[in-house]
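[1] Could you look at this predicted model? Sequence included:
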Amino acid sequence: MVNTSQPGSKDTKPPLLSPWIYAATVAVAVIGAFLGSGALGGTPIQDAADGWLSADGTVLAPAAGAFSIWSVIYTGLVVHAVIQLLPAWRGSALQQRIRPWAAASALLNAAWIWVVQWGQLLLSVVVIAILLAVLARTFILLLRTPATGRTERMVVGITFGLYLGWVSVATVANASAVLASWGARASDGTTAVVAAAVLAVAAAIGITLAASSGGRLAPAAALAWGLAWIAVGRLDGGMQSVPVAWAAGAAALLVVAATLLYRIREARVPRHQPAGHPEEGTR
């Protein structure tokens, strides 16, 4: 993956979104997550929408432990929102290009929580699909735009890589919940074969991310994490299915293996580029 500008370059165009507005959208997302968790008396996500998004709602629902990754993602978003306010980052090409998309992802995240609280399961899958598309666009911009240094590269890459990988799994689980709510529970017709096919698609997404990014670890880690917790949920819970557990575990291993292979291959590519050739993207 290559960049079209030099590392540390500044974007001379007027910013599309103020750093302060982006920081405000992250605050909205964090506050929305806190309120949506039921901490102040509201309905927890796992109990909202008739419980279809709970750990035992469908055969493709991750076990409860999987959702602890949100703490890491929200921490990354807050750190990013604060650091991008610093003068050294404010005008960087990377920040200016991803800021509108990152802000959109924060607002969509909050919107998803409140749509679920409202009990609109079908609308929730529409919102999360749009969120996935926005995060994919953010990831593409991350790959194509140089960072000003190691800190910026790590904060943005890890935060939005984890965000994208986890939302990929969450989209699968959300879509499964919609189908289940229409009467397609695993015990009543959603077969292990269908679930395995969906998990194969999730694995394909992970392999595609690995191929397009040269084996970036953060998206793969979050995606494999979610798939592994689907396996755990099918072995220990109210919606048990050994075949689905094996399929989810295999999908997680495929994502990890593909990512490592692409990372090794990327490491072997010569770093010296001919004069005039765009520099390789920061990892």
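    Okay, I see it. Numbering: from 1, shown residues only.
[2] Please count neighbours and contacts with C-alpha atoms only from this point.
    Noted.
[3] Render the CA-only coordinates of the host helix or strand of Gly233 in CSV, please.
    Taking DSSP states H and E as the definition, one finds Gly233 inside helix 217-235. Taking Å, rounded to 0.1, in the frame of the first residue of the first chain, the C-alpha atoms of helix 217-235 are listed here in CSV:
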residue,chain,number,x,y,z
LEU,A,217,-2.6,-6.3,13.3
ALA,A,218,-5.3,-4.1,14.9
PRO,A,219,-8.2,-5.0,12.5
ALA,A,220,-7.3,-8.7,12.6
ALA,A,221,-7.0,-8.7,16.3
ALA,A,222,-10.5,-7.2,16.8
LEU,A,223,-12.1,-9.4,14.2
ALA,A,224,-10.5,-12.6,15.5
TRP,A,225,-11.4,-11.6,19.0
GLY,A,226,-15.1,-11.3,18.1
LEU,A,227,-15.1,-14.6,16.1
ALA,A,228,-13.4,-16.4,19.0
TRP,A,229,-16.0,-15.1,21.4
ILE,A,230,-18.7,-16.4,19.1
ALA,A,231,-17.1,-19.8,19.5
VAL,A,232,-17.1,-19.4,23.2
GLY,A,233,-20.7,-18.4,23.3
ARG,A,234,-21.7,-21.5,21.3
LEU,A,235,-19.9,-23.8,23.7
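[4] buried stuff in it?
    By neighbour count with 16 or more other C-alpha atoms under 10 Å, helix 217-235 contains the buried residues 217-235.
[5] Quick check: what element follows that helix along the chain?
    Next element after helix 217-235 (DSSP H and E): helix 242-268.
[6] name the helices or strands packed onto the helix or strand containing Val172?
    Take DSSP H and E as the rule and Val172 turns out to sit in helix 150-181. Packing partners of helix 150-181 (3 or more C-alpha pairs under 8 Å, 6 or more residues apart in numbering; DSSP states H and E): helix 69-83, helix 121-144, helix 192-213, helix 217-235.
[7] how would you label Ile45: helix, strand or coil?
    Secondary structure state of Ile45, per DSSP: H, G, I helix; E, B strand; the rest coil, is coil.
[8] Please look at it and Val116 and confirm they touch.
    Yes. Using C-alpha atoms under 8 Å, Ile45 makes contact with Val116 at a distance of 7.0 Å.
[9] Pick out whichever of those two has more residues nearby.
    Val116 (24 against 21; other C-alpha atoms under 10 Å).
[10] After the helix or strand bottoming out on mean pLDDT in the chain, heading C-terminal, what element do we hit next?
    Every helix and strand of the chain was ranked by mean pLDDT, DSSP states H and E. The lowest is helix 87-90, at a mean of 88. Counting by DSSP H and E, the next helix or strand C-terminal to helix 87-90 is helix 93-117.
[11] So which elements touch that next one?
    helix 19-36, helix 121-144.
[12] In contact with Ala110, which residues are there?
    Val28, Ala29, Val30, Gly32, Ala33 (C-alpha atoms under 8 Å, 6 or more residues apart in numbering).
[13] Where does the prediction get shaky in the stretch 101-250 of the chain?
    Within the stretch 101-250 of the chain, the stretches with pLDDT under 70 are 184-191.
[14] can you rerun that using 90?
    Scanning the stretch 101-250 of the chain for pLDDT under 90 picks out 114, 117-119, 146-151, 176-197, 236-241.
[15] Would you quantify the distance from the nearest residue to Ala111 once chain neighbours are set aside to Arg234?
    The shortest distance from Ala111 to any non-neighbouring residue, by C-alpha to C-alpha, 6 or more residues apart in numbering, is to Val127 (7.5 Å). Using C-alpha to C-alpha, to the nearest Å, we find Val127 at a distance of 26 Å from Arg234.
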